[in-house]
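Student: Let me see the structure of the following:
(chains A and B)
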Number of protein chains: 2
Amino acid sequence: MSRPITIAVAQMGPIPLTQTRADAVERLIGLLREAAQQGSELVLFPECCLTAFFPHWFIEDQAEIDTFFEREMPSPVTQPLFDEAKRLKIGFCLGYAEIVDEQGQTRRYNSSILVERDARIVGKHRKIHLPGHREHRPKNPFQNLEKRYFDVGNLGFQVWNAFGGKIGMCICNDRRWAETYRVLGLQGVELVLLGYNTPLQIPEYPELNPLVGFHNQLSMQAGAYQNGTWVLGAAKTGWEEGVEQLGESCVIAPSGEIRAVAKTNKDELIIHTCDLDETIPYKEGILNFDINRRVEYYQLITQQSDKNK
Amino acid sequence: MSRPITIAVAQMGPIPLTQTRADAVERLIGLLREAAQQGSELVLFPECCLTAFFPHWFIEDQAEIDTFFEREMPSPVTQPLFDEAKRLKIGFCLGYAEIVDEQGQTRRYNSSILVERDARIVGKHRKIHLPGHREHRPKNPFQNLEKRYFDVGNLGFQVWNAFGGKIGMCICNDRRWAETYRVLGLQGVELVLLGYNTPLQIPEYPELNPLVGFHNQLSMQAGAYQNGTWVLGAAKTGWEEGVEQLGESCVIAPSGEIRAVAKTNKDELIIHTCDLDETIPYKEGILNFDINRRVEYYQLITQQSDKNK
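Tutor: Residues are numbered from 1 along each chain as shown, chains lettered A, B, ... in the order given. Here you go, the predicted structure:
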């Protein structure tokens, strides 16, 4: 048996602060066209890929912060991406900053959407594990203000029947948490799509800088193997307004093996055919959840955080 | 700051069916002495290291099966190990098959104990994730009858204050499950001790044979990094009564990096000094549980297994 799906992981180089939203969309359309020409059915774009990754800077004026967010999706400026995808009959997964009114409150999320080949939005994820800090840290070379600028996602971790398989999404730091993959895995996920913006420096722990790429891969590889799922990661990379970011966009098989990695720090497509049936030996074998999991001994996981603090 | 502890991972070659329990204990004592001579404070022995790994064979006679189990610990035959450890002021972690009467029922567990430098047993784990099958599979080159011969452990995943740190245990297949490390991590574990007997062949999925070593390391590396803990694994290895087993006993740092791996398929010591304070950047940094975990979205983990089956 075989259930192949050809996917393009669309890594992106930096988006300068001066680049307009329309220009960023034009870049996405260029990548989409190239992916379609190479036979892809689905394109994975990075986290927050319509603008520079603004949590890296402290901005006092909320109105200025809000210029980085999308009030509707699609909007007049992003509609051309949806139109071209529909014309090419290619799906995509897109990360963006989302501002929305919910029950009379303004909420801001770090979101991604899954768009089918007819341009319908069929799934949405809002990042749950926001990294970084709330307060300005002026001594740091750059900020990581996701906890300040975003609300914690309120959609949980969902799996959608799409593209002939079971597809889940998560975003950037979500990928470091075993719970992310397991909640998706328990819903039978076969393909996890994620984007990231990951600096090569950790200001608070510079001794960990050399391990940034290793930790990126280790987290995705373990999530893939332990849940029998493909995991694909698309990076925004290169020097973006003074912050150097990890690239290494990648395709991880259900075995946990790295099947492909981006070679540049620029816009680059990785085209890979993923056989969703490669998940079977893992889901049915030694890691078969139904006959092996012992939830009675996992209760601490949903009850509390570290009680030793 | 530094909290070093020097540990010997004591890999063991095969234990033939003809080797007596007393001879096996003599081997353990030899490894213990060498470890002490090299400055170790603690020795980690493999899973079920007093006998051949009997779940690899179908045995009909329960009385014969029970000969592989320990009715007391220490017993007259294992007491010399405790005596020598006390004399040398060295602790150890020992895996063995345990038979016990509980509430009028005979129970059999795949267990390990943590023994302090004064020979007191300070912790016990009973393997929770039993791999394999209950029924005889006569066409397989060997069996994996842990689900037949053992009961699921009933002690959960615990962490003990010992050897100047927070120590947890798990056994073999427990190490493939992210929940194992997370439940220990939530109790602040700094050092996870585990033993394993892992065949190099997977009879049901021979296409996965080349990945046995990779999956062994990946699981331990991810558990270490994602919980900021040392993870040490001691294998029983080599050809044991016709079954070839993985060695690659190892020391994994809280970064997830492999710090040392056994080089042989025989009795071999890896001596390594683990600084328990190397856990700090992980426990306090990007993976800080208190400020980052979102248990409201993890509920599926403790509620159910794969509902898509």
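Student: got the residues of the stretch 1-150 of chain A near chain B?
Tutor: Proximity of the stretch 1-150 of chain A to chain B (CB under 8 Å from any CB of the partner chain) is limited to residues A:I128, A:H129, A:L130, A:P131. (Each C-beta comes from the backbone N, C-alpha and C, glycine too.)
Student: Mind doing that once more with 10 Å?
Tutor: A:I128, A:H129, A:L130, A:P131, A:G132, A:H133, A:R134, A:N144, A:K147 (CB under 10 Å from any CB of the partner chain).
Student: need those residues in a markdown table with neighbour count, pLDDT and secondary structure, can you?
Tutor: Listed next are the residues of the stretch 1-150 of chain A next to chain B as a markdown table, based on neighbours: other CB atoms under 10 Å in any protein chain shown; pLDDT from 0 to 100; DSSP: H, G, I helix; E, B strand; the rest coil:
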| residue | neighbour count | pLDDT | secondary structure |
| --- | --- | --- | --- |
| A:I128 | 27 | 98 | coil |
| A:H129 | 23 | 98 | coil |
| A:L130 | 27 | 98 | coil |
| A:P131 | 21 | 97 | coil |
| A:G132 | 18 | 97 | coil |
| A:H133 | 18 | 97 | coil |
| A:R134 | 11 | 97 | coil |
| A:N144 | 23 | 97 | coil |
| A:K147 | 17 | 98 | helix |
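Student: Distance to A:N265 added to these, as CSV?
Tutor: Listed next are the residues of the stretch 1-150 of chain A next to chain B as CSV, based on distance: CB to CB, whole Å:
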residue, distance to A:N265
A:I128, 28
A:H129, 25
A:L130, 25
A:P131, 21
A:G132, 22
A:H133, 26
A:R134, 30
A:N144, 20
A:K147, 27
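Student: Phi, psi for the residue of the stretch 1-150 of chain A found nearest chain B please.
Tutor: Of all residues in the stretch 1-150 of chain A, A:I128 sits closest to chain B, at 5.2 Å by CB to the nearest CB. Torsion angles at A:I128 (phi, psi; degrees, to the nearest 10) stand at phi -100, psi -40.
Student: Correct me if wrong: it contacts A:N173.
Tutor: Yes - with contacts counted by CB atoms under 10 Å, A:I128 reaches A:N173, the gap being 8.8 Å.
Student: Quick one: low-confidence residue ranges for chain A.
Tutor: Filtered on pLDDT under 70, chain A yields the residue ranges A:304-309.
Student: would you list every one of the strands in it?
Tutor: For chain A, the strands defined by DSSP state E occupy A:4-11, A:42-44, A:91-102, A:105-115, A:121-126, A:159-162, A:165-171, A:191-196, A:230-235, A:238-240, A:243-245, A:250-252, A:258-261, A:268-275.
Student: can you state the direction angle for the third one and strand A:165-171?
Tutor: By that I understand strand A:91-102. Here strand A:91-102 runs at an angle of 50 degrees relative to strand A:165-171 (axes from the mean of the first three to the mean of the last three CA atoms, to 10 degrees).
Student: can you check the fourth one too?
Tutor: Calculated by the same axes, to 10 degrees, strand A:105-115 forms an angle of 140 degrees with strand A:165-171.
Student: For A:I59, give me its contacts.
Tutor: Contacts for A:I59 (CB atoms under 10 Å, 6 or more residues apart in numbering or on different chains) come out as A:I65, A:D66, A:T67, A:F68, A:H136, A:Q143, A:L145, A:R148, A:Y149.
Student: Of those residues, keep whichever come out buried.
Tutor: Among those, those classed as buried by 16 or more other CB atoms under 10 Å in any protein chain shown are A:I65, A:F68, A:Q143, A:L145, A:R148, A:Y149.
Student: Closest one of the residues you listed to A:A8?
Tutor: A:F68 (25.4 Å; CB to CB).
Student: Test my guess that that closest one contacts A:I99.
Tutor: Yes - A:F68 lies in contact with A:I99 (CB under 10 Å); the separation is 9.1 Å.
Student: Residues in contact with both of the two, list them for me.
Tutor: A:R108.
Student: could I have stretch A:181-188 exported to CSV, CA atoms only?
Tutor: Once non-C-alpha atoms are left out, stretch A:181-188 reads as follows in CSV (Å, rounded to 0.1, in the frame of the first residue of the first chain):
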residue,chain,number,x,y,z
TYR,A,181,2.9,15.6,19.1
ARG,A,182,1.1,13.2,21.5
VAL,A,183,-2.2,15.0,21.5
LEU,A,184,-2.0,15.0,17.7
GLY,A,185,-0.8,11.4,17.7
LEU,A,186,-3.8,10.3,19.8
GLN,A,187,-6.0,11.7,17.0
GLY,A,188,-4.2,9.6,14.5
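Student: gap between that stretch and the chain center?
Tutor: What separates the centre of stretch A:181-188 from the centre of its chain is 16 Å, taken as CA atoms, centre = their mean, to the nearest Å.
Student: And for stretch A:151-165?
Tutor: Worked out by CA atoms, centre = their mean, stretch A:151-165 lies 12 Å from the chain centre.
Student: on that earlier part again, tell me which residues touch the residue of the stretch 1-150 of chain A closest to chain B, please.
Tutor: Contacts for A:I128 (CB under 10 Å, 6+ apart) come out as A:109-110, A:152-157, A:170-171, A:173-174, A:177, A:179-180, A:183, B:292-294, B:296-298.
Student: Quick one, which of these are buried?
Tutor: Looks like the contacts of A:I128 have A:109-110, A:152-153, A:157, A:170-171, A:173-174, A:177, A:179-180, A:183, B:292-294, B:297-298 buried, using 16+ other CB under 10 Å.
Student: Correct me if wrong: A:P80 contacts A:R27.
Tutor: No - taking contacts as CB under 10 Å, A:P80 lies outside contact range of A:R27: 11.7 Å.
Student: neighbour-wise, which of those two wins?
Tutor: Between A:P80 and A:R27, counted using other CB atoms under 10 Å in any protein chain shown, the more crowded position is A:R27 (18 against 15).
Student: Span of stretch A:42-52 from start to end?
Tutor: Terminal residues of stretch A:42-52 are spaced 24 Å apart (CA to CA, to the nearest Å).
Student: Who are the contact partners of the residue lying closest to A:Y205 once chain neighbours are set aside?
Tutor: Computed as CB to CB, 6 or more residues apart in numbering or on different chains, the closest residue to A:Y205 that is not its neighbour in sequence is B:P281, at 4.6 Å. Contacts for B:P281 (CB under 10 Å, 6+ apart) come out as A:I202, A:E204, A:Y205, A:E207, A:L208, B:G228, B:P254, B:S255, B:L287.
Student: Please tabulate these in JSON lines, including the columns distance to B:D118 and neighbour count.
Tutor: Formatted as JSON lines, these follow (distance: CB to CB, whole Å; neighbours: other CB atoms under 10 Å in any protein chain shown):
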{"residue": "A:I202", "distance to B:D118": "42", "neighbour count": "18"}
{"residue": "A:E204", "distance to B:D118": "40", "neighbour count": "15"}
{"residue": "A:Y205", "distance to B:D118": "38", "neighbour count": "15"}
{"residue": "A:E207", "distance to B:D118": "37", "neighbour count": "10"}
{"residue": "A:L208", "distance to B:D118": "38", "neighbour count": "17"}
{"residue": "B:G228", "distance to B:D118": "29", "neighbour count": "25"}
{"residue": "B:P254", "distance to B:D118": "28", "neighbour count": "25"}
{"residue": "B:S255", "distance to B:D118": "33", "neighbour count": "23"}
{"residue": "B:L287", "distance to B:D118": "35", "neighbour count": "22"}
